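# Predicted model follows, preceded by the sequence.
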Amino acid sequence: MGRPHQFCARAASRSSRDTRGLEPGAFFIENLRWSPDAKWAGFCFQVVHSSLVAQPAISRSAAPARGRRPPVPRMCQPPQRPDTAMLLASRRLVNSGFVLDSPVSSSRRFAMLTIHALPAGLRRPILVMAFSGWNDAAEAATTAARYLATAFRATKFAEIDPEEFYHFGLSRPYVRFKAGSETEREIIWPSTEFSITQSPELARDLVVGVAAEPHLKWKTYCANALDLARRCEVTLVLTLGALLAEVPHTRPVRLVGGATDAELAARLGVRPTKYEGPTGIVGVLNTICREQGFTTASLWANVPHYISGIENPKATLALVRRVLPLLGATLDLTDLEDAVKQFDRNLTEIVRQNAKIASYIKKLESSDAEEPAAEPRQGSDLPPAAELVAEIEQFLRQQRPE
């Protein structure tokens, strides 16, 4: 992202060594020597804009012979071909009807927050948000948020455009065939999607937002999320997280967190922590909520660090159970409970077969409880657990059906 891209549209000619084989009237974009890491749609917009702005001059300089139909201007393949996602994004920009007659940055042309239809008759909604990545050990938080959305039949109604907030070299979009087609593809971008349910089973409406933790412009990102919260008249913003901790899997899941007032903290069953250190988007969002007068709370599940590489239904179940009272609702959690039982059986069998692992877990069980952290730790003195992780992964592979 460091150096600016400078575009130079140049007419192709038969005598040009680097445009050999191109028809007169064709042109190419010079100086594409590397692919951008972020704002791909904006980059593609500028490429397409440069090509269309240059088209009249190029057409005059390479006019076809009298009586011949002029060829359609096109770009040749640049020295370093951009990713498939970029090429499809270029095509999408041309086909979408965007006005390409102004050099205005494409970031100004995209509405970062899009609300397709704002539901009527909102009932004191609660906004539950979870982010994959650093804030989501064993995917417990995002799984819990999605579970709530699915269980109460929430429907998508809004999203935040990813263009300004993600480094696409780190969180790459992926391409897939459109439903029912074997020739036409579409790009799936890392985005923030919001769904809502106004189920009569709930005492209040539920809005669920799930996303990958953004890489860029966290303040702007949070402003967009809270813009949606205001439009939906949200009365509580609840963030979910999961952190790695020195806890054994044989104990009940420890939940920690905080809230803007003592009564809410008591209802959630959490107490303020003394954590100081690196934070993620969850911590930033909570702080901005407080500064802007939103009632907010945060729930974090402690996940045993030695099983961080696999999904942890036990932590997910603990988060879901703690959220339900805030919604004034109950759920049949049999499917999650069955997953927890199978999860425990698998780990029990692994420990039974390995005396060294069993000894390590006993030490964790007998160790004194420490002040729980309210966020993930970086560079903490977690004991090495590579052997246990390898044992678990091998065992679970053996349990999968052929």
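Yep, that arrived.
# Where does pLDDT dip in the stretch 301-402 of the chain?
368-388, 393, 395-397, 399-402 (pLDDT under 70).
# Correction: the previous question concerned the chain.
In the chain (pLDDT under 70), the answer is 1-111, 368-388, 393, 395-397, 399-402.
# give me that answer again for 50
Along the chain, segments meeting pLDDT under 50 span 1-3, 6-33, 57-62, 73-82, 93-110, 368, 379-383.
# domains of it?
Split into domains by automatic domain parsing, the chain comes to 9-108, 113-399.
# Against Thr330, how distant is Arg123?
18 Å (Cβ to Cβ, to the nearest Å). Placement of C-beta: from N, CA and C, glycine included.
# Sorry, slip of the keys, the one I care about is Leu238.
Leu238 is 18 Å from Thr330, by Cβ to Cβ.
# repeat for Thr155
Relative to Thr330, and taking Cβ to Cβ, Thr155 is found at 21 Å.
# who's more crowded, the two?
Thr155 (12 against 9; other Cβ atoms under 10 Å).
# what's the neighbour count on the residue lying closest to the more buried one once chain neighbours are set aside?
Nearest in space to Thr155, with sequence neighbours left out and distances taken as Cβ to Cβ, 6 or more residues apart in numbering, is Ser195 at 5.7 Å. Neighbour count of Ser195, defined by other Cβ under 10 Å: 22.
# Going along the chain, name the helices of this structure.
Taking DSSP state H, the helices of the chain run over residues 40-61, 84-95, 140-151, 218-231, 262-268, 281-291, 313-327, 334-353, 355-366, 386-399.
# Next, the residues that contact the fifth one from outside, please.
Read that as helix 262-268. Here helix 262-268 makes contact (Cβ atoms under 8 Å, 6 or more residues apart in numbering) with 236, 255, 257-259, 271-272, 295, 297, 299, 322, 325-326.
# Report the buried residues of that helix.
264-265, 268 (16 or more other Cβ atoms under 10 Å).
# quick one, what contacts His215?
38, 165-167, 170-171.
# Hmm, Val237 is touching Val207, no?
No - using Cβ atoms under 8 Å, Val237 makes no contact with Val207, being 9.5 Å away.
# Can you check which residues contact both of these two?
126-127, 229.
# quick one: which of these is most hemmed in?
Neighbour max across the shared contacts of Val237 and Val207 (other Cβ under 10 Å) = Leu127, 25 neighbours.
# What distance do you get for it to Val234?
From Leu127 over to Val234 (counting by Cβ to Cβ), the distance is 5 Å.
# Need the residues touching each of those two.
By Cβ under 8 Å, 6+ apart, the residues touching both Leu127 and Val234 are Val207.
# For the contacts of His215, work out which two are farthest apart.
Phe165 and Leu170 (11.7 Å; Cβ to Cβ).
# With neighbour numbers in mind, choose between these two.
A count of neighbours by other Cβ under 10 Å puts Phe165 above the other of Phe165 and Leu170, at 26 against 12.
# Leaving out the residues flanking it, which one is nearest to that one?
Phe165 sits nearest to Pro214 (Cβ to Cβ, 6+ apart), 3.8 Å away.
# What is the burial count for the one you found?
22.
# For the stretch 151-300 of the chain, which segments count as strands?
155-160, 174-177, 185-188, 192-197, 206-212, 236-245, 255-259, 296-304 (DSSP state E, counting those that start in this stretch).
# So which of those strands is nearest Leu347?
strand 296-304 (9.2 Å).
# buried sites along the closest one?
Going by neighbour count (16+ other Cβ under 10 Å), the buried part of strand 296-304 is 296-304.
# which of these lies closest to His249?
Pro304 (4.7 Å).
# burial count for the nearest residue to the closest one once chain neighbours are set aside?
Using Cβ to Cβ, 6+ apart and skipping the chain neighbours, the partner closest in space to Pro304 is His249 (4.7 Å). Residues near His249, counting by other Cβ under 10 Å, number 20.
# got the phi/psi numbers for His249?
Main-chain torsions, His249, degrees, to the nearest 10: phi -70, psi -10.
# going forward, begin numbering at 73 instead of 1
Noted, 73 is the first residue going forward, which turns the last one into His321.
# residues touching Val412, list them.
Contacts of Val412 (Cβ under 8 Å, 6+ apart): 385-386, 389.
# Quick check: it vs Thr388, distance?
9 Å.
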